[in-house]
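I'll drop the sequence and a predicted model, then ask my questions.
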Amino acid sequence: MVEQRMSVATHWGSFVAVVDAGRLVRIEPRPDDPAPSPIGPGMVTAADDNARVLRPAVRKGWLNGEPRIDGTARGTDAFVEVSWDHAITLVSDELRRVRSQHGDSAVFGGSYGWASAGRFHHAQGQLHRFLALGGGYTNSRNTYSTAALEVVLPHVIGGHPWSYQSRMPMWDEIAENCELVVAFGGLALKNSQINPGGLARHQTRDLQRRCREAGVRFVNVSPIRSDTAGFLDAEWLPVVPNTDTAAMLGIAHTMLVNGWHDEDFLRRCCVGFDRFASYLTGELDGVRKDAAWAAKITGIGQDVITDLARRLTAQRSLIMVNYAVQRADHGEQPIWMSVVLAAMAGSMGRPGGGWGAGYATMDATGVAPDRPFVGTIPAVANPVPDFIPVARIADTLLHPGEVIDYDGSRLTLPELRLIYWCGGNPFHHHQDLHRLTRAWQIPDTVVVHEAWWNTTAKFADVVLPVATTLERDDFAAGFSDPHLVAMPKVREPAGESRTDHHIFTALASRLGYEEEFTESRSEMEWVRHLYEQTRAQLGDTAALPDFDDFWRSSTAALPPSTGPFPGSFEALRADPRQFPLPTPSGRIEIFSEEIDSFGYDDCAGHPKWFEPVEWLRAELADRFPLHLISNQPASRLHSQYDNGGHSLASKIRGREPVTINPSDAASRGIEDGMVVRVHNDRGSCLAGAILSDDVMPGVVQLSTGAWWDPVQPGLSGTLDRHGNPNVLTADRPCSRLSQGPSAHSVLVDVEPHDGPLPDVLAFAPPRLAPPS
Ligand SMILES: Nc1nc2c(c(=O)[nH]1)N[C@H]1C(S)=C(S)[C@@H](COP(=O)(O)OP(=O)(O)OC[C@H]3O[C@@H](n4cnc5c(=O)[nH]c(N)nc54)[C@H](O)[C@@H]3O)O[C@H]1N2
Ligand SMILES: Nc1nc2c(c(=O)[nH]1)N[C@H]1C(S)=C(S)[C@@H](COP(=O)(O)OP(=O)(O)OC[C@H]3O[C@@H](n4cnc5c(=O)[nH]c(N)nc54)[C@H](O)[C@@H]3O)O[C@H]1N2
Ligand SMILES: [Mo]
C-alpha cells in the first residue's frame, strides 16, 4: 500500500489528505497548525454519503408542466434524473426564454453564500462571470454577516466597508500596549476556526493567550459566558440581548458627567459630539441616558457601568464589537455607538487601543491587517444595474415593484423569474424559512448547483451536481492570510458531478459564448495562469517559486502588508488636517449630516437607543419569554458539513443541541439530553437540550446550520424535526438604512417534546421518480 499525502485547503484551515489508490482514507491536521479545526477530518464520511447528488435531477412537475403553474410543489415533488446533455438543454433554453420574455434583470444571480476556498473554482465568481457574459443579472449587495456594519461604518469612519480591518489594532499590539479590552459579544474561539478563503495556520488562540499573559484584562459583555475562552479569565457581564447600545450609552453618559471623556480628541478629530451629548443628557428627548437608565434596560448593574466608564478612560482600553450584535433589529446602532464610545474613552489612535470589530469572528481578523494581491477568476461588469439588499430576497419575490429605502436611495424591487443559486444555501441562511418558502413558490424556475441534497437542493427545479473542493485542482489564499496553499484534486468527483466551471462552460457553449467564458483555457491552465499572474504582480517583493515548485511544496509565503493604511486613527489623532478620514467632514462622524438627511425614523443622525421589536422587555415576552441566540455553530461552517463526522457527533438524539439555563429548564420540566420543542408564532423545531449556566437566564442558544427538515415541506409553520433556528427568526430588516438581516432579535419558548420522536430525514435524498 502506497499512501499519498496531498494538500487540502478549506475555510476551516489547511489539512493533509491521505489517499490510497485514489481512495480518500482520512484528512489530518497539518503538523504546523497550532490549533487545527476538527471540522476537517470529519469531511471524509460526507464525501460519499447518501446525501450526495450523483446525477443531474429535475423536479417532476417542472419537467412535465408549464413552469409557473406548480411552484407550490417545490420541496414536495419527486425528482427525475436526466443526462447532462438534457440538463444543459433545459437550463440554457430556460435562461434564453426568461431573458427574452422578461429581460435580463428577471434572472437573479445574487447567490449569496460562502461556497468553498479556492481562487479559481469560486462558485459565485464563476456564476457571476457566466451570467454577466450572457446579458447580466440582478445581483445582491452586502452580506448576511455584517450588512448593518457595512452600510453604517463608511458614514462614520469612511472608506471601504471592510477597511476597518486594517485600521484597528492587531493582537500583538494589544498584548504589548493595551490594559483593558471590553468585548461586546465576546471573542468566541469557536468562530476563529474559520477564515474566508482558507488559512495556513490558526493563530487567534495563541495570540489571545499572549494578551492574557501580558496582563491584559478582558470583559465579556454577552449573554453567553463561553463567548470568551476560559484562559482569558474574563469578567462576564451577562447582558440582555440586543441592548448593547443602551449599555454603551450609560457608560458614555457616566464619562460625560464626570468629565472623563477625551475632549481634545472629540474636538479635533470628530464632528457632532455636542449634539450627541445633548441626547445623552436628555436635553433632546427628556430621557437621561445615565447608568441607572442603562442598568434597567441591560440588566448590567449600575455600579458596574459606572466602574467600566472609569476604567475605560483611566487605562489604555480597546472597545471591541463582534458581528452578532449588529445582526439584530437596529443593528447599525451598536456599531456606530461603539466607535463613539471609543472616541470618548481616550485610547482611539493610540497603540493597542481604541476601537475594532470582528476580533475572533474569523482567524485572520486582528492577526494581520491585510495581504497582497492574489489572482482570482476575473469578474466581468454586470450590464444589469439592479440589485437588492442581500436579505431582502423574500420581500423581492413577494412584492416585486415595491419601492424600499436603502442607504439614502430608493430601490424598486425587480420582478425575478429565474433564480440561479450556486455556492450558497438560502434555506440555511435566510430568516423565517416559512416566509421564504412562500416566496420561493413564485418564480418560474430555480436552478441550483449543489454537492448534497440539502434543503435548497430539495426546493429547486433543476439540481446540477457539483464536484467538491476535494475533487478539483485549485489554490487558496485566505482573507488577510499571507500564504498560498495548493489544492490538488485528491479524489474523483462523486457520481457524475462536475465542477461549476465545467457546467458553466457547457451552458456558455450552448448559448454561444464559450470562448469568452473560458478564454480558451482548461481548468488547470486557469489555475496556473492565476498563480503566475500573482507571481508576476508581486515580483521581487515575494519571489514566489514557479508554479510546479509551488504545487510540489504545497504552500508559499506572501510578504506581510505593513501599511500605512489609509484612514488610520493614529494619523488622525496626530493631525486631522493632514490625515483626514474619508468621511464628508474628514473626521469621525458622531453626528452624520448625511444619515440625518435621509430622514429615517429608524436610524437618526447619531447613535440612539431604539427598543427592538422582539426582546426580553417586549410585551411579546409574556407569551415567548426566552430570547433566542442563533449564533454560528462550533461544529461546522454554517450548514456546510452538517453531514460531516464532527457535526453529526455533536447532535443529541439526532437533533441540533439547544443550550438553556438550568433555572429556565427546571421551570419547564426540561432535563439534560431531552428532546424539546422550540417554538413561536412563526414556527417550531425539535432540538436536544443541554443545561448550562454558561447561558444567562432568559436566553436560549441554538446554533445555525442544521439542515432544515420540515415534516410537511411547503406547508407554512410545519414542524422542523432537526433544529434549524431560522424557522423561528424574523425576516425583518435592521432598519431602512442597511436593510440587513436581524437574526438575533427573536423571542421563543421551549417545552419538552411530547409523543413519539420522528426520524430526522434531513440527510435523506428526495424521492427519485422514473421519467414518464
Ligand atoms: N439565524 C441566523 N441565520 C444566519 C446567521 C445567524 O447568525 N443566525 N448568520 C448568517 C451569516 S453571518 C452567514 S455568512 C450566512 C451563511 O450562509 P451560507 O453561506 O449560504 O451558508 P453555507 O452553509 O456556507 O452555504 C454554502 C453552500 O454552498 C455549497 N458549496 C460549497 N462549495 C461549493 C462549490 O464549490 N460550488 C457550489 N455550487 N456549491 C458549493 C455548500 O454545500 C453549501 O450548501 O448565514 C446567515 N444566517
Ligand atoms: N465555527 C464557525 N465559525 C464561524 C462561522 C461558522 O459558521 N462556524 N461563521 C463565520 C461567519 S460567516 C461569521 S459572519 C462570523 C460571525 O461572527 P459573530 O457574528 O460574532 O458570531 P456569532 O457566533 O453569531 O455570535 C457570537 C456571540 O455573540 C453573542 N451575541 C448574540 N447577540 C448578542 C447581543 O445582542 N449582544 C451581545 N453582547 N452579544 C450577543 C452570542 O452570545 C454569540 O455567541 O463567524 C465566522 N466563524
Ligand atoms: Mo457570515
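Ah, there it is. Ligands and ions are numbered 1, 2, ... in the order given.

Correct me if wrong: residue 18 contacts residue 7.
No: assessed by CB atoms under 8 Å, residue 18 is found out of contact with residue 7, at 11.6 Å. Heads up, the C-betas are built off the backbone N, CA and C, glycines and all.

Quick check: residue 14 is in a strand.
Yes: assigned with DSSP: H, G, I helix; E, B strand; the rest coil, residue 14 falls within a strand.

How about residue 505, nearest residue that isn't a chain neighbour?
residue 518 (5.6 Å; CB to CB, 6 or more residues apart in numbering).

Count the neighbours of that neighbour for me.
Residue 518: 17 surrounding residues under other CB atoms under 10 Å.

ok, back up a step: which one of residue 18 and residue 7 has more residues nearby?
Neighbours of residue 18 and residue 7, each counted by other CB under 10 Å, are more numerous for residue 7; the result is 20 against 17.

tell me the SS of that one?
Residue 7 is classified as strand under three-state DSSP.

Leaving out the residues flanking it, which one is nearest to it?
Nearest to residue 7 is residue 554, by CB to CB, 6+ apart, at 3.8 Å.

With ligand 2 as the reference, measure out to the one you found.
To ligand 2, residue 554 is 24 Å away according to CB to the nearest ligand atom, to the nearest Å.

residues in the stretch 301-450 of the chain within reach of ligand 2, list them.
322, 323, 324, 325, 327, 328, 361, 362 (CB under 6 Å from any ligand atom).

Among the residues you listed, which pair sits farthest apart?
Within these, two members stand farthest from each other by CB to CB: 328 and 362, at 19.5 Å.

I'd like to know how far residue 38 sits from residue 12.
Here the criterion is CB to CB, to the nearest Å. By it, residue 38 lies 9 Å from residue 12.

more crowded one of the two?
Neighbour count, other CB under 10 Å: between residue 38 and residue 12, residue 12 has more, with 26 against 16.

list the contacts for the most centrally placed residue in the chain?
With distances taken as CA atoms, centre = their mean, the residue of the chain nearest its centroid is residue 145 (3.4 Å). Going by CB atoms under 8 Å, 6 or more residues apart in numbering, residue 145 touches 323, 327.

isn't there a helix covering residue 678?
No: Residue 678: not assigned to a helix; according to three-state DSSP it is strand.

That one and ligand 1: what is the separation?
12 Å.

is it true that that residue touches residue 658?
Yes: the criterion here is CB under 8 Å, and residue 678 meets it with residue 658 at 6.1 Å.

got any residues that touch both of those two?
687, 700, 702, 723, 750.

in a strand, that's where the second one is, yeah?
Pointing back at residue 700 there. Yes: according to three-state DSSP, residue 700 belongs to a strand.

of all the residues in the stretch 51-200 of the chain, which ones are close to ligand 2?
145, 184, 185, 186, 188, 190, 191, 193, 194.

And for the stretch 551-700 of the chain?
Residues of the stretch 551-700 of the chain lying near ligand 2 (CB under 6 Å from any ligand atom): 629, 631, 632, 633, 634, 637, 638.

what's the distance between the closest residue to ligand 1 within the stretch 201-350 of the chain and residue 548?
Using CB to the nearest ligand atom, residue 327 is the residue of the stretch 201-350 of the chain that sits closest to ligand 1, at 5.3 Å. Going from residue 327 to residue 548 by CB to CB gives 44 Å.

Show me which of those two is the more surrounded one.
Per other CB under 10 Å, whichever of residue 327 and residue 548 has more neighbours is residue 327, with 27 against 9.

what sits against that one?
144, 145, 146, 148, 740, 741, 742, 743, 744.

Just the pLDDT at the last one, thanks.
Same thing as residue 744. pLDDT for residue 744: 98.

Over to the third one?
Taken from the predicted model, the pLDDT recorded for residue 146 is 98.

Quick check: it touching residue 321?
No: contact criterion CB under 8 Å: residue 146 and residue 321 do not qualify, at 10.4 Å.

Can you list the low-confidence ranges for the stretch 651-772 of the chain?
Low-confidence segments of the stretch 651-772 of the chain (pLDDT under 70): 772.

and this structure, which of its residues are near ligand 1?
Residues of the chain lying close to ligand 1 (CB under 6 Å from any ligand atom) are 113-116, 121, 123, 144-145, 327, 422-425, 428-429, 449-452, 454, 466, 500, 630-631, 637-640, 704, 725-726, 729, 743.
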